[in-house]
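> Fold the following.
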Amino acid sequence: MSMLTPSGMGGKYRVTGDTYPRMRRPRKRGRIVAALVASVVVLSLFGWGALQLFHVFSGDDGDTKANAAPQNRPCTLVSPSTPPLKPMALPQPAAVTMNVYNATPRGGLAKSTADELAKRGFKVGKFGNAPVPYDKKVTQTALIVAGPAAEAAAREAGTQVAGSTVKIDPTRKDKSVDLMIGTAFKALSSPADAAKARVAAANPPAAKPTCAASAPAAR
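Numbers count the residues shown, from 1 in each chain. Next up is the predicted model:
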């Protein structure tokens, strides 16, 4: 063995002439892995911090149940503002005298509607333009106006126009019914739909109290 051969080396590492063994430095894999892990941690912390700032500026204090589900808060039952309608037997069309008035700018509605109601068995008293208090002021399909003695007749008349409402005038004494055709009116209900509406008008659902949510307690 040559005097220049390092201790413990032999074979192909034997030094002969001007050839020396090449000693490579160990690769720094551990440092590279550590740097990658640190980068992931830093990015995660940055994302978490940005999310917290978003919640702060958006007003989300983390009280998900209180903000997203107000229906779970305690509430106070409030009675309906109008008295509920009572079930009552409705008269047949032949027993109802209707006055048909046109409260819209469209011409001819009063006569054509009155003719169709007469075909369905109603008694038509008058038809023409609506009185001044209602002329061009009825926005729904129709407004049925009657006195207390004609409430059942008014409900029967209302079955002929979907979306109509009934108004009871306490000062009115006669038993006739005024049908005010509104701007949303397109046509009378079909006989089949009117029959279904008649059942609902004779047996209106009981009005249920509403729930007014209580204000959340101050923190």
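> By mean pLDDT, flag the weakest helix or strand of this structure.
One helix or strand of the chain scores below all others by mean pLDDT, DSSP states H and E: helix 64-68, with a mean of 47.
> quick one: low-confidence ranges for this protein?
Across the chain, the ranges flagged by pLDDT under 70 are 1-30, 33, 40-43, 45-85, 205-219.
> so where do the helices sit in it?
29-57, 64-68, 109-119, 151-158, 191-202 (DSSP state H).
> Identify the residues contacting the last one?
Helix 191-202 is contacted by residues 87-90, 120, 155-156, 158-160, 162, 188-189 when judged by C-beta atoms under 8 Å, 6 or more residues apart in numbering. The C-beta positions use only the backbone N, C-alpha and C, and glycine is treated the same way.
> Among those residues, which one lies nearest to I144?
Proximity of the contacts of helix 191-202 to I144 was ranked by C-beta to C-beta; the top entry is G158 with 4.9 Å.
> And the chain, what are its domain boundaries?
Domain assignment for the chain, taken from automatic domain parsing, gives 23-73, 93-202.
> Now render these as TSV, adding mean neighbour count.
Shown next, in TSV, are those (neighbours: other C-beta atoms under 10 Å):
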stretch	mean neighbour count
domain 23-73	10
domain 93-202	18
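> how far away is P133 from A110?
Distance of P133 to A110, computed by C-beta to C-beta, to the nearest Å: 16 Å.
> same deal with N102?
Distance, N102 to A110, using C-beta to C-beta: 4 Å.
> Find the residues that touch each one of those two.
F127, G128, N129, I181.
> R106: which of the contacts of helix 191-202 is nearest?
Nearest to R106 out of those is L188 (C-beta to C-beta; 14.9 Å).
> mind listing what the nearest residue to V161 once chain neighbours are set aside touches?
Leaving out its chain neighbours, the residue that sits closest to V161 by C-beta to C-beta, 6 or more residues apart in numbering is A142, at 4.1 Å. With contacts defined as C-beta under 8 Å, 6+ apart, the neighbours of A142 are G158, V161, G163, S164, T165, L179, M180, I181, G182, F185.
> So which of these sit within strands?
Taking DSSP state E as the definition of strands, the contacts of A142 contribute T165, L179, M180, I181.
> So the first one sits against G158, correct?
The one in question is T165. Yes - if you go by C-beta atoms under 8 Å, T165 and G158 touch, sitting 7.4 Å apart.
> what do the two both touch?
With C-beta under 8 Å, 6+ apart, T165 and G158 have common neighbours A142, I144.
> distance of K119 from L36?
Going from K119 to L36 by C-beta to C-beta gives 87 Å.
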